[in-house]
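Novice: Below are the sequence and a predicted model for it; my questions follow.
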Amino acid sequence: MKTILQANNVNKTFGTKGNLYTALKNINLSISEGEYVGIMGPSGAGKSTLLNIFSTIDTPSSGEITIDGQNIVSMNEEKLSDFRRHKLGFIFQDYNLLDTLTVKENILLPLALSKVPAAEIEKRVEEIADMFSIREILDKYPYHISGGQKQRAAASRAIVTNPSLILADEPTGALDSKSATGLLESLSRLNQHNQATILMVTHDAYAASFCNRVIFINDGQLFKELHKDGMTRKAFFGQILEVLAMLGGGHHDAV
Amino acid sequence: MTLFKIAGKNIRKNFANYFLYFASMIFSIVIYFTFVSLKYDSTIQTASDGSQKISSAFSGAAVVLIVFVAVFIWYSNSFFTRKRKKEVGLYSLLGVRKKQIGRMLFYENFLMGILALIVGIALGAVLSRFFVMILMKVMGYAVMADFSISPAAIFNTFVVFMIISLITSVQGYRLIYRFKLIELFRADQEGEKEPKSSAVIALLSVALIGFGYWLALQILLTSKAWAAMGFMLTPLVILISVILGTYLLFNTLTVTLLKLARKHKTSYWRGLNLIGTSQLLYRMKGNARTLTIIAVLSATTLTAVGTAYSTYYNTRTNAELANPNSYMFIGVDSAAAAKADKAIKQAAGHKVLYHESIPLLEVDADTSSLNNALGEEDQSFTVISSRDFNRLAKLQGRDDAISLTGSEAAALEPVYLEGISPEYVGSSIKLKGEGFHKTIQFKTLKKYSVLNLGTVYSTIVVSDDMFAELKPNAKAMAVEAYSITHQDKAKELTELLDGILPEKAELSSFYGDYSRGMESSGLLMFMGGFLGLVFLAATGSIIYFKQLTEAGSDKARYMILHKIGVKKREIRKSVAKQVMFIFALPLAFGIAHCAVALSALSKMMMTNLVVPVVTCMGVYVGIYLIYYFLTVHAYCKIVTNRK
C-alpha cells in the first residue's frame, strides 16, 4: 500500500542555548493510505507538537518528513500554504469555524480558496452534508448550533477537498459522549468507505479505540504501538487502557 | 498598598495598553496649547494690530478645537475602557468593592491626564515656535520677533484639560456602576451578529442625501424652499438631512449591497472574498457611526480648508479686480498731486507703466426702477465717458471697447452677485442734478471696472455727447490713475503716498488691498490648514484605532485561515481590500459633501474655487492614503503574527 506519511528521525527542541527543552526525540513513523491512526500520551508528551509539525504549521529542529511524496521540511512558506490547502484537512478541538460565515460557507471555504467553480462547490457541499448529516443546519451560523454539529461541520470542511491526510487534534475534546460517538462513527465511515487516511491525536481512550492503530508517546519518544487487527472495539479499548495505566496517566474516561 | 499606588502601578506595568490613549491625549493637548499660545502671542497680537477680525477668528477656532478635542479624548477614552472591562470585572469578582474600583479608575485616569498635560505643554512649547514661524510666513509678515510662552496660554490649556480629564475620570469611576458583572466579561463579544438590512431605510438614506444636496444647490434668492424655511433654518436642515442620510447609508445601504454581493456566488465563492465580505458585513453596523463621523469631519475639513485656501489663492485676483490701477486718487489738491506724481516717478524699484488724468462726473440718481435687491432708491454714481473708458481699458490690457450713442449707458460692476446685484441691462435710471433730469438706459453690463473701487462710486459709462451734456450740471472732477511695475511690493511707496495725499483725495492702491487681503486670508489659511491637519490626523487615528481593535479580535480567524492553507500574500490582499472599503467609503462621501458645499459657496461668492479646492483635496487624500497604508501594514502584522 502507498505510504502517505513518512517521518524519519524527527527531533524538536524549544528554547535557546543553555535552556533547551526537548519536545520530540527521534520519532520514526510511517502511515499508509487508508489507515486510521491515533496518537496518545500524557499531557506534555509531545502529541500536539508532533501534530503541528505534520500540519506544517511548525517545523522540526531536525529530521525528514514526507507527506504524499513531498518533503515538507524543505518547503517555503508559500508552498506550504498550497500544500496544506490541497493535501491536508484539519479538525481541531475548538472547531475553528469562522463565526462570520454560515456552516455551508465554512465548509466550502477551502474550495473557494482553490477557485473551484460555484456549481461544483454546490455539488460537493451537498454530498458531504449528507455524509455528516448536517444538511438542515447548512444555513445556520456557528453560534446557533451545538458543539457536536460544529465539530461535524469542521470535519466536513476538513474533507471537502479530498485531502491525502486528515489531521484531527482532540476532535472529541469538547464534546459530550453522544456527540463524540456520532463524530467518531462518521470518521470511521469516512475511513472505511472513502479510504480516507486519518491521523488523530487524543487523550481519550474511547476515541482512540475507533482507530486501526494507536501510537503512544511519552516524554517526546515513541513508547508503544497497538494494532486493532480484527479485534472488537471494546477489546481494543481494554488494551489501550492497559497501556495508559502503564504510562501512569489517569485516563479512565467512561466507555 | 493604597488605591492610589495600585493605580500608579497599573499605569507603569500596562504602559503598552495605555500608550494609545496617552498618545492621543498628548496629541490633543499639544495642538490646543500651540493654538492658544499663538492666540496670546505678543508678536501676532501686535502684528495684527488687535484687529477685531483676527481675534474673533482665533476665539472661534479655539471653541471648535475644544469641542473637537473633547470628542476625540472621549472617543479614545471609551476605546480604552472597553479594552479594560474584563480587568475591572475581575477585580469585582475577586471581591474588591465597587467604590474602591471606581476610585482606582478615577485616580488612574486623572494621573494620566496630569502626566499628559505636562508632556503636552512641554512639547507644545517647542512646536508653537515652529507654528508662529509658518504663520508669519503665510501672512506675509517679515518680522520674526522672539516668541515666548505666555503664562496665560499655559493657564488656559491647564484649565480646559483639567475639566476634560475630570469628566473622563468621572466616566471611568462610573464604569463599574454602569454595567453588570456579566456584561463586563462579555465586552469582547459584543456586536457579532449578522446585521439586518432594510430596503426602505436604504432608499431613505439616498433620498435624504439627495434632498440635502438639492437644497444646497438652489439659488438662494429665487428658491422657494429657502424662502419657505428661512435663511437661518435651511442650512441646518441641509446639514441634518445630509448627516442623517450618510449615517443611514453606512448603516443600511452598505449592508444591503454587501448582502447582494453575497448572493452572487461566482464572485463571492472565490478566494478570500468570502472572508472579506462577511467580515465587512458583520462590522458595518458597529462601524456606521464612526464612518459617519469621519465622513462629516472630512467634509467639514475639506470645505473649511478649501474656502480658506481659495480666499488666499484669490487675494491677488480680488485686489486686481478692485484696483485696476496701481494707484488712483482724486486731484483735489494740485500741490499734493504734483508731489505724489514726483514720488511715484522717482520710486526706487518701480517703473511707471502709464499715468492718466481722467475727467469724471459725480451724479445722483433715482434707481427705483432698477429693482435693486438691496433696496436703495437714491444712489450716487461716478460717470465716465466712453472714450476715456476705452482708453483706460486698452491701457489695462483689456481687448474690450464700448460704443454708446444718445442716452445709452453701460454699468461697471466688478463684484456682480447673481441674484443680488440689480439686473442692469434693459432697465433705465434717472440722473438728477439741480433742476435737471436725464434718463439713461443700460445697454450692457461689464463685470469689471477701469477705476479703483476705493476712490469712486459705482461707475456708469455714457456716450461722449451725453458726458458733455451732463458736465455743466454735475460735480466734475479729475482722477489720477497710475500703473507701476512690481505693484505687490510697493510697501514704502504706498506709505509715502498715504502721507502726501490728503484724506479727501481718496487714494486707493493695489498694494493696500493686496496686503490687507494677504494678512486676513493668510491667517484664515493658516487657521484652516492648522485645524484641517488636526482633523485629518484625528480622523486617520480614529480609523487606525478602530481597525487595529478589529485586527486584534480577528486574529483567531486569520490563524484558522493560515492553518487551512491561506498564504500571507492572500491575507495581505484581502486585508488591503477590506481596509480600503472602510477608508474609501467615508472619504468618498466626505469629498462629495464638500464638493456640493463648495459649489454652493462658489455660486454665492462668485469666485472660481476649482484649482485651490482640488489642490486641498489632493493633499488631503495624499495624507489619508498614508494612514491607509500604515493601517494595512499594522493590521497585517497583527493578524499574521504567529506568536
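Specialist: Received the coordinates, thanks.
Novice: can you map out the strands along chain B?
Specialist: In order along the chain, chain B carries the following strands (DSSP state E): B:327-330, B:352-366, B:378-385, B:408-412, B:428-433, B:436-446, B:458-462, B:475-484, B:508-509.
Novice: next one: chain A
Specialist: Assigned by DSSP E, the strands in chain A fall at A:3-14, A:21-32, A:36-40, A:62-67, A:70-71, A:88-91, A:165-169, A:198-201, A:213-218, A:221-227.
Novice: So which bits of the stretch 201-350 of chain B are right by chain A?
Specialist: When proximity is defined as Cβ under 8 Å from any Cβ of the partner chain, the stretch 201-350 of chain B approaches chain A at B:265-266, B:269-275, B:278-279, B:281-282. All C-beta atoms are positioned from the backbone trio N, CA, C, and that covers glycine.
Novice: Please check those residues and keep the buried ones.
Specialist: By neighbour count, with 16 or more other Cβ atoms under 10 Å in any protein chain shown, those hold B:269-275, B:278-279, B:281-282 as buried.
Novice: among the strands of chain A, which is nearest chain B?
Specialist: Smallest distance to chain B across those (Cβ to the nearest Cβ): 5.8 Å, for strand A:88-91.
Novice: List the strands paired with that closest one, with their directions.
Specialist: Here strand A:88-91 has these sheet partners by DSSP bridges: strand A:165-169 (parallel).
Novice: The partner strand to strand A:36-40, inter-axis angle?
Specialist: For strand A:165-169 against strand A:36-40, the angle between stretch directions is 30 degrees (axes from the mean of the first three to the mean of the last three Cα atoms, to 10 degrees).
Novice: now what about strand A:165-169, what contacts it?
Specialist: Counting by Cβ atoms under 8 Å, 6 or more residues apart in numbering or on different chains, the neighbours of strand A:165-169 from elsewhere in the structure are A:4-5, A:31, A:48, A:51, A:54-55, A:67-68, A:87-93, A:155, A:158-159, A:187, A:190, A:196-202.
Novice: Just checking the distance from it to the centre of its chain.
Specialist: Mean C-alpha position of strand A:165-169 versus that of the full chain (Cα atoms, centre = their mean, to the nearest Å) differs by 2 Å.
Novice: Check stretch A:87-105 too.
Specialist: Taking Cα atoms, centre = their mean, one finds the center of stretch A:87-105 at 13 Å from the center of the full chain.
Novice: CA atoms only: put that stretch into CSV for me.
Specialist: Written as CSV, here are the backbone C-alpha positions of stretch A:87-105 (Å, rounded to 0.1, in the frame of the first residue of the first chain):
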residue,chain,number,x,y,z
LYS,A,87,-3.2,17.8,0.7
LEU,A,88,-4.3,18.3,4.3
GLY,A,89,-7.5,18.5,6.2
PHE,A,90,-7.8,19.7,9.7
ILE,A,91,-10.2,19.0,12.6
PHE,A,92,-9.4,21.0,15.7
GLN,A,93,-10.6,20.5,19.3
ASP,A,94,-12.2,24.0,19.4
TYR,A,95,-13.7,23.5,15.9
ASN,A,96,-12.1,26.6,14.4
LEU,A,97,-15.1,27.5,12.4
LEU,A,98,-15.3,31.1,11.3
ASP,A,99,-18.2,32.7,13.1
THR,A,100,-18.9,35.3,10.4
LEU,A,101,-19.7,32.5,7.9
THR,A,102,-22.6,30.1,7.8
VAL,A,103,-21.9,26.4,8.2
LYS,A,104,-22.2,26.0,4.4
GLU,A,105,-19.7,28.8,3.8
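Novice: Buried residues, it. List them.
Specialist: Neighbour-count burial for stretch A:87-105 [16+ other Cβ under 10 Å]: A:87-93, A:95-105.
Novice: Can you list the buried residues in stretch B:407-417?
Specialist: By neighbour count, and taking 16+ other Cβ under 10 Å as the criterion, the buried residues in stretch B:407-417 are B:407-414, B:416.
Novice: Next: stretch B:13-29.
Specialist: Within stretch B:13-29, the residues scored as buried using 16+ other Cβ under 10 Å are B:18, B:20-22, B:24-29.
Novice: quick one: which of the residues you listed is nearest chain A?
Specialist: Distances from chain A to these, taken by Cβ to the nearest Cβ, are shortest for B:L20, at 25.6 Å.
Novice: in terms of contact, does that closest one touch B:Y75 like I think?
Specialist: No. The pair B:L20 / B:Y75 is not scored as a contact, 11.4 Å apart, by Cβ atoms under 8 Å.
Novice: picking that back up, would you point out the most distant pair within the residues of the stretch 201-350 of chain B next to chain A?
Specialist: Greatest spatial distance in those: B:T266 and B:Y282, 22.3 Å, computed using Cβ to Cβ.
Novice: and the nearest residue to B:S385 once chain neighbours are set aside, how many neighbours does it have?
Specialist: Distances taken as Cβ to Cβ, 6 or more residues apart in numbering or on different chains put B:F467 closest to B:S385, at 3.8 Å, once the chain neighbours are dropped. Other residues within reach of B:F467, judged by other Cβ atoms under 10 Å in any protein chain shown, total 21.
Novice: And B:F467, how close does it get to chain A?
Specialist: Counting by Cβ to the nearest Cβ, to the nearest Å, the gap from B:F467 to chain A is 82 Å.
Novice: so that residue makes contact with B:L360?
Specialist: No. B:F467 is beyond contact range of B:L360, at 9.5 Å (criterion: Cβ under 8 Å).
Novice: Give me the common contacts of the two.
Specialist: Shared contacts of B:F467 and B:L360, defined by Cβ under 8 Å, 6+ apart, are found at B:383-384.
Novice: so what's B:I330 bridging to?
Specialist: With DSSP bridges applied, the residues forming beta bridges to B:I330 are B:V479.
Novice: check contacts around it.
Specialist: Counting by Cβ under 8 Å, 6+ apart, B:I330 touches B:455, B:477-480, B:504-506.
Novice: Just the pLDDT at it, thanks.
Specialist: We have a pLDDT of 90 for B:I330.
Novice: returning to that earlier point: just the ones of the buried ones among the residues of the stretch 201-350 of chain B next to chain A in helices?
Specialist: Under the assignment DSSP state H, these contribute B:273-275, B:278-279, B:281-282 to helices.
Novice: Now do B:I484, the pLDDT please.
Specialist: At B:I484, pLDDT is 92.
Novice: check contacts around B:Y635.
Specialist: Taking Cβ under 8 Å, 6+ apart as the contact definition, B:Y635 lies against B:547-548, B:550-551, B:575, B:579.
Novice: typed the wrong thing, it's B:H437
Specialist: Residues touching B:H437, when contacts are defined by Cβ under 8 Å, 6+ apart, comprise B:430-431.
Novice: Kindly recompute the last result at 10 Å.
Specialist: Residues counted as contacts of B:H437 (Cβ atoms under 10 Å, 6 or more residues apart in numbering or on different chains) are B:366, B:430-431, B:473.
Novice: Just the buried residues out of these, in ChimeraX syntax.
Specialist: Command for ChimeraX, covering only those of those found buried under the criterion 16+ other Cβ under 10 Å:
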select /B:431,473
